[in-house]
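Asker: Please work out how this folds:
(one chain, ligands or ions: 2)
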Amino acid sequence: MAVSTIHSPKSLNSTSPISTPPKTHQNHAIFHKPTSKRNHAPKISCSSDEKTVVIGLAADSGCGKSTFMRRLTSVFGGGAEPPKRGNPDSNTLISDMTTVICLDDYHSLDRTGRKEKGVTALDPRANNFDLMYEQVKAIKEGIAVDKPIYNHVTGLIDPPELIKPPKILVIEGLHPMYDARVRELLDFSIYLDISNEVKFAWKIQRDMAERGHSLESIIASIEARQTDFDAYIDPQKQHADAVIEVLPTQLIPDDIEGKVLRVRLIMKEGVKYFNPVYLFDEGSTISWIPCGRKLTCSYPGIKFAYGPDTYYGQEVSVIEMDGQFDRLDELIYVESYLSNISTKFYGEVTQQMLKHADFPGSNNGTGLFQTIIGLKIRDLYEQITASTVAAPLESTKA
Ligand SMILES: Nc1ncnc2c1ncn2[C@@H]1O[C@H](COP(=O)(O)OP(=O)(O)OP(=O)(O)O)[C@@H](O)[C@H]1O
Ligand SMILES: O=C(CO)[C@H](O)[C@H](O)COP(=O)(O)O
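Answerer: Ligands and ions are numbered 1, 2, ... in the order given. Here you go, the predicted model:
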């Protein structure tokens, strides 16, 4: 079940095969020779010497990671697909610029194993952090790896798939910021913090409507995960560079419907290559109701807030949007008052939102802030690659 062969880049110059057939793939990685054949990138030019930029996205299951990933890959101009001719149950998504790997693939215990040992998938003991670290580090260094696949259909760990170093690697799942070694490899990290009320509503909507689960089984599954969620998943948000917090609205007193959301984008200050977004005036504290002549709002309206704050003892800037848009094209009005949004042209946020108007959350702060973070990641990537290209030039000058 586990892969036991490790090929250091050094040994790859020898005549030995790049990888031997996997015997097991729980404990070790198969590494491949650094390759210049990165995913083809038509939109943004960059040096072939560049290192893979690594982004971490943490959230519980059913909290919008896939939706966020679709928005992110769209910012880079392409749709993402599973590896061609690979395992049909692969969790990996590849586009021109990005490869998204799901950290469920590092489950060390399969479904039966977890049941026998009485642990959930959220428990670190059900996951192989050594392998996760080794493989993410290898990819970051330009080395391809054979990553295991956790098969959500069968509940088994399948034979590995080859992951080549992309320009941007996104590691998404339950634990991207749990292990300090993996955390250190991240160039930027995001935590999707969905309040229990909202998570429950989304889970019911998806698992009942789309997957045919009963209400009782959904409640039981949420309850069974809660203790481990609190112990191992939730604490990761203190390490995130940006947190998207999704809460019930405050615009409707005692709202029980849960359709209108209050969404907060919490951005750490002092993160390299990342300047927090602001509304109107950087560092001020602002409350803004944009409804009126330029923005159509039906009940309960829209309210924005912006200001500095502290989060787990760290300085942050927070932008908040409570309510939802009636007309998405009018978002341009709000966009024009937002700064540091890393757009390449006026109206790019609105254009992205309109392009994916059918994605969940497109009429509220979840879609808006996910889109903005996607643009910020593009900007971060461009700054990192520009600095790695500039660095050798600087040293030549000196
Ligand atoms: N912003 C949103 N607004 C409303 N509903 C949402 C939003 N994001 C996600 N959802 C709901 O939650 C469900 C799960 O979303 P998604 O598949 O993106 O989550 P996920 O974290 O990738 O889930 P999993 O890890 O279980 O595959 C969607 O089907 C949708 O019903
Ligand atoms: O928390 C999860 C992340 O997606 C899953 O529940 C975990 O990966 C186990 O998967 P499954 O329920 O398919 O065995």
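Asker: Now do the SS call for the residue lying closest to Tyr178 once chain neighbours are set aside.
Answerer: Across the structure, with C-beta to C-beta, 6 or more residues apart in numbering as the measure, the residue nearest Tyr178 apart from its sequence neighbours is Gln236 (5.9 Å). C-beta coordinates here come from the backbone N, C-alpha and C atoms, glycine included. Assigned with DSSP: H, G, I helix; E, B strand; the rest coil, Gln236 falls in the helix class.
Asker: quick one: pLDDT of Gln236?
Answerer: The model reports Gln236 with a pLDDT of 98.
Asker: Is it in contact with Asp179, as I believe?
Answerer: No. Using C-beta atoms under 8 Å as the test, Gln236 is too far from Asp179 to be in contact (10.1 Å).
Asker: For the two, indicate the residue with more neighbours.
Answerer: Neighbour count, other C-beta atoms under 10 Å: between Gln236 and Asp179, Gln236 has more, with 21 against 18.
Asker: Enumerate every residue touching the residue nearest to Tyr178.
Answerer: Neighbouring residues of Gln236 by C-beta atoms under 8 Å, 6 or more residues apart in numbering: Ala58, His175, Pro176, Met177, Tyr178, Tyr191.
Asker: right, and out of those residues, which lies closest to ligand 1?
Answerer: Ala58 (10.2 Å; C-beta to the nearest ligand atom).
Asker: and the residue of the stretch 251-398 of the chain found nearest ligand 2, what is it in contact with?
Answerer: In the stretch 251-398 of the chain, the residue that lies nearest ligand 2 is Pro360 (17.2 Å; C-beta to the nearest ligand atom). The neighbours of Pro360, taking C-beta under 8 Å, 6+ apart as the test, are Gly64, Thr67, Trp202, Thr366, Gly367.
Asker: Which residue in the residues you listed has the weakest pLDDT?
Answerer: By the confidence score, Trp202 is the least certain of the contacts of Pro360, showing 87.
Asker: Could you check which helix or strand contains it?
Answerer: Under the criterion DSSP states H and E, the helix or strand holding Trp202 is helix 196-209.
Asker: my guess is Pro83 meets Asn91, correct?
Answerer: No. Under the criterion of C-beta under 8 Å, Pro83 is not in contact with Asn91, lying 10.2 Å apart.
Asker: Give me the more crowded residue out of those two.
Answerer: Each of Pro83 and Asn91 has its neighbours counted (other C-beta under 10 Å); Asn91 has more, 20 against 16.
Asker: Which of the helices or strands spans that one?
Answerer: Asn91 belongs to no helix or strand, assigned by DSSP H and E.
Asker: Could you look up the SS state of the closest residue to ligand 2 within the stretch 201-350 of the chain?
Answerer: Using C-beta to the nearest ligand atom, the closest approach of the stretch 201-350 of the chain to ligand 2 is made by Arg225 at 7.2 Å. Recorded secondary structure, Arg225: helix (three-state DSSP).
Asker: Pull the contacting residues for it.
Answerer: Taking C-beta under 8 Å, 6+ apart as the criterion, Arg225 is in contact with Asp60, Thr120, Leu122.
Asker: Tell me how far it lies from His239.
Answerer: Remark: distance between Arg225 and His239 (C-beta to C-beta, to the nearest Å) = 21 Å.
Asker: could you pull out the helices for the stretch 251-398 of the chain?
Answerer: Counting by DSSP state H, counting those that start in this stretch, the stretch 251-398 of the chain has these helices, from start to end: 331-335, 348-355, 365-397.
Asker: Reformat those as CSV; add mean neighbour count and distance to ligand 2.
Answerer: As requested, the helices of the stretch 251-398 of the chain are exported to CSV (neighbours: other C-beta atoms under 10 Å; distance: least, C-beta to the nearest ligand atom, whole Å):
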stretch, mean neighbour count, distance to ligand 2
helix 331-335, 19, 31
helix 348-355, 19, 26
helix 365-397, 19, 19
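Asker: And those helices: which comes nearest Leu103?
Answerer: Distances from Leu103 to each of the helices of the stretch 251-398 of the chain were compared by C-beta to C-beta, and the smallest falls on helix 365-397, at 18.0 Å.
Asker: Establish whether that closest one and ligand 1 are in contact.
Answerer: Yes. Helix 365-397 is in contact with ligand 1 by C-beta under 6 Å from any ligand atom, via Thr366.
Asker: follow-up on the earlier one: compare the helices of the stretch 251-398 of the chain and give me the one nearest Lys167.
Answerer: Evaluated with C-beta to C-beta, those place helix 365-397 nearest to Lys167, the distance being 7.1 Å.
Asker: angle of that closest one against helix 348-355?
Answerer: 130 degrees (axes from the mean of the first three to the mean of the last three C-alpha atoms, to 10 degrees).
Asker: What is helix 365-397 packed up against?
Answerer: On a contact count with 3 or more C-beta pairs under 8 Å, 6 or more residues apart in numbering; DSSP states H and E, helix 365-397 meets strand 53-58, helix 65-75, strand 188-194, strand 242-248, strand 261-268, strand 314-323, helix 348-355.
Asker: What residues does this structure have near ligand 1?
Answerer: Residues of the chain lying near ligand 1 (C-beta under 6 Å from any ligand atom): 59, 61-67, 202, 205-206, 360-361, 366.
Asker: Give me the buried entries from those residues.
Answerer: Ala59, Ser61, Gly62, Cys63, Gly64, Lys65, Ser66, Thr67, Trp202, Gly361, Thr366 (16 or more other C-beta atoms under 10 Å).
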